[in-house]
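[1] let me see the structure of the following:
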Amino acid sequence: QARKRLKVVTSISVLEDIVKNIGGERVEVTSLITGLETPHTFNPKPSHRLSLMSADIFVKVGMGLESWTDKFLDDASSQVLVIETCKGVSAIDSHDHEHGDPHIWLDPVLVRDHVAPKITEALIKADPSAEAVYQANLLNYQNELTQLHQEYLTTMASLTNKKYISFHASWRYLAQRYGLEEIASIEPAPGQEPSGKWITEVVNLARANEVRVIIAEPQFNPRMAEVIAGEFAGRVITLDPLGGESIEGRNTYLNLMRYNLNALKTCL
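    Now for the predicted structure:
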């Protein structure tokens, strides 16, 4: 008799991939966001609500990133186990995020030591008979994350100018872990257009701090970043905070983070 797989729904594709690495064939995982949208302004469809309400486990980041799920969860069955992967993490304060900076998954060490174990605990709670399987998969995945961390350490140690301006303030956990320095963020808050006064200030900050790079993201139009970079002879690079199963070269968390590492190495 075929065993029923756990149905897991995640808010973003990065979490989907982490669940797959730990759950293996014992889980059926889908992400509400494919990677082409931004979770800050995502507008869910009725089909997303149905998917969530029939899940065994819902895995989200938290810190207000997925406030659009609140109504869904109010309607969902009490049988849905909701996991907030940010709980227990010491959040970076952020003026543009009310509950602190939620982009914890962009630090591989936090994924290794906090996010992945938290997901493992949830899978074991829902499927205790497979605890040994989940723990073994977790250990294997943590070893891969340690290798990724070492690659970042080696590359970042070779960089001489680690200053950058972001379009959207996604990269502070990565910066904190590896010694990068965010001088400014163009977008004052998710989805909010910067004022002319702030754009002028960003350009002045870039010149004063000898910044050469603006980090754009594929979820946003890069035109504004390109115009601003032209004002201080900088360049725009594209880093991706989300990835997605259907996006070539960024279809897993490990591939996504190596894509970002190579982009940083090339431009910094």
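[2] count the neighbours of T120 for me.
    Using other Cβ atoms under 10 Å, T120 is surrounded by 22 other residues. Just so you know, the C-beta spots here come from the backbone N, C-alpha and C atoms, and that holds for glycine as well.
[3] right, I mislabeled it, should have said I119
    26.
[4] wait, isn't it in contact with T85?
    Yes: with contact defined as Cβ atoms under 8 Å, I119 and T85 form a contacting pair (6.9 Å).
[5] where do the contact lists of these two overlap?
    Common neighbours of I119 and T85 (criterion: Cβ atoms under 8 Å, 6 or more residues apart in numbering): L15, V59.
[6] tell me which element T30 falls in.
    Using DSSP states H and E, the element containing T30 is strand 27-31.
[7] just checking, what packs against the worst-scoring helix or strand of the chain on mean pLDDT?
    The helix or strand of the chain with the poorest confidence is helix 70-75; it has a mean of 72 (mean pLDDT, DSSP states H and E). Contact here means 3 or more Cβ pairs under 8 Å, 6 or more residues apart in numbering; DSSP states H and E; on that basis helix 70-75 packs against helix 46-53.
[8] could you give the angle of the helix it packs on to strand 27-31?
    Relative orientation of helix 46-53 and strand 27-31, computed by axes from the mean of the first three to the mean of the last three Cα atoms, to 10 degrees: 150 degrees.
[9] quick check: mean pLDDT of helix 46-53?
    In this model, helix 46-53 has a mean pLDDT of 83.
[10] low-confidence ranges in the chain?
    Applying pLDDT under 70 to the chain flags residues 1-3, 75-78, 94-98.
[11] which residue ranges of it form helices?
    In the chain, the segments counted as helices under DSSP state H are 13-23, 46-53, 70-75, 108-110, 116-126, 131-157, 172-178, 196-208, 223-231, 253-267.
[12] among those helices, which comes closest to D101?
    Nearest to D101 among those is helix 172-178 (5.4 Å), distances taken as Cβ to Cβ.
[13] need the residues that contact the closest one.
    Looking at what lies outside helix 172-178 - Cβ under 8 Å, 6+ apart - the contacts are 92, 94, 101, 103-104, 106-110, 152-153, 156, 164, 180-182, 260.
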